[in-house]
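A.B. asks: How does the following fold in three dimensions:
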Amino acid sequence: MIHAQSLTKRYGPKTAVDGIDFSVAPGRVTGFLGPNGAGKSTTMRMIVGLDRPTSGTVTINGRPYQDHRSPLHEVGVLLDARAVHPGRTARDHLLAMAATHRIGTKRVDEVIRLAGLDSVARKRVRGFSLGMGQRLGLATALLGDPATLILDEPVNGLDPEGVVWVRRLARSLAAEGRTVLLSSHLMSEMAQTAEHLIVLGRGRVLADAPVSEIIAKASGDSVLVRANDAARLGALLAAQGAGVTSAETGLLSVTQVAAARIAEIAAGAGIIVYELTPVTRSLEEAYLELTRDEAEYTTTQIPSEGTR
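C.D. replies: Got it, this is the predicted structure:
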């Protein structure tokens, strides 16, 4: 369990994290999202004692990180996979970390195999690709068989097989009752991996809810309706309070009225419906809507292909 209460971090006049409260429960993967500059990295650094809060507290399993006598057994952390001595081999790096907690070589070899590093374990880290370095960082996080995992962009640089491995790993660890906090900018991966989301914007919590709830709250779910008399059906639906737009000839996009009700109205008017397709917002769309006014760094919007 990770628990933050009134957690605040200021750098001079800038408030990076603004009095946030949240809990990361065991037994599920919690996604940690937010635009660049939202305070995610600062928050994770405060969780593991790399930054000191200006005020407020954050604990892991009831204690601040620095109060744990054997932190590798309590918390596995991946914040910067490049934070490894480049002259060491992968195995030597893991052995050095293991020695600090009296972890045996058997466990070192286990995490090497688990992370798929067998063929490069005795190679120096300076020659590692981004993906290989990421696998080493994950192996290091798993070394102490910790009850809590904090992983920042864990699939960065991984090939498709590695991405799937991380996804399954995170979910299996959570299924064992561990606490898993996972930060990523890849909404497609977050949608397939996380069950719960904490979303930050400008240092504040914008959402703390299950993934399904965050998607459901996003406005814009619609139903595509293709009919033999789309114009008349559109008028009937508008009279029922629906939002109706014509996507193309004979095709309507309808909001605020459920698909079943649309079918009933069409049947009552003798209108033949050829297509009735509910269109649900994706996590990416829900996230963009949620953070639209909270991004510190914004870019010029490029029209989608359908609007050019």
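A.B. asks: Surely Gly203 and Arg10 touch.
C.D. replies: No: assessed by C-beta atoms under 8 Å, Gly203 is found out of contact with Arg10, at 9.4 Å. Yep, even glycine has a C-beta here, placed from its N, CA and C like the rest.
A.B. asks: Looking at these two now, which is surrounded by more residues?
C.D. replies: Gly203 (25 against 14; other C-beta atoms under 10 Å).
A.B. asks: for the more buried one, what are its contacts?
C.D. replies: 9, 15-18, 20, 38-39 (C-beta atoms under 8 Å, 6 or more residues apart in numbering).
A.B. asks: Tell me the most packed of those residues, by neighbour count.
C.D. replies: Val17 (27 neighbours).
A.B. asks: circling back: need the residues touching each of Gly203 and Arg10.
C.D. replies: Taking C-beta under 8 Å, 6+ apart as the criterion, Gly203 and Arg10 both touch Ala16.
A.B. asks: Name the residues of stretch 265-284 that come out as buried.
C.D. replies: Residues 265-266, 271, 273, 276, 281, 283 are the ones in stretch 265-284 that count as buried (16 or more other C-beta atoms under 10 Å).
A.B. asks: JSON lines please, covering those and showing distance to Met97, secondary structure and pLDDT.
C.D. replies: JSON lines is the format used below for the buried residues of stretch 265-284 (distance: C-beta to C-beta, whole Å; DSSP: H, G, I helix; E, B strand; the rest coil; pLDDT from 0 to 100):
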{"residue": "Ile265", "distance to Met97": "65", "secondary structure": "helix", "pLDDT": "96"}
{"residue": "Ala266", "distance to Met97": "65", "secondary structure": "helix", "pLDDT": "97"}
{"residue": "Ile271", "distance to Met97": "68", "secondary structure": "coil", "pLDDT": "96"}
{"residue": "Val273", "distance to Met97": "63", "secondary structure": "strand", "pLDDT": "97"}
{"residue": "Leu276", "distance to Met97": "57", "secondary structure": "strand", "pLDDT": "95"}
{"residue": "Arg281", "distance to Met97": "43", "secondary structure": "coil", "pLDDT": "81"}
{"residue": "Leu283", "distance to Met97": "35", "secondary structure": "helix", "pLDDT": "91"}
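A.B. asks: Tell me the one of those nearest Ala259?
C.D. replies: Leu276 (5.3 Å; C-beta to C-beta).
A.B. asks: Would you agree the closest one is in contact with Leu233?
C.D. replies: No: if you go by C-beta under 8 Å, Leu276 and Leu233 don't touch, sitting 11.0 Å apart.
A.B. asks: intersection of neighbour lists for these two?
C.D. replies: In contact with both Leu276 and Leu233: 225, 262, using C-beta under 8 Å, 6+ apart.
A.B. asks: returning to that earlier point: of the contacts of Gly203, which belong to strands?
C.D. replies: 9, 15-18, 20 (DSSP state E).
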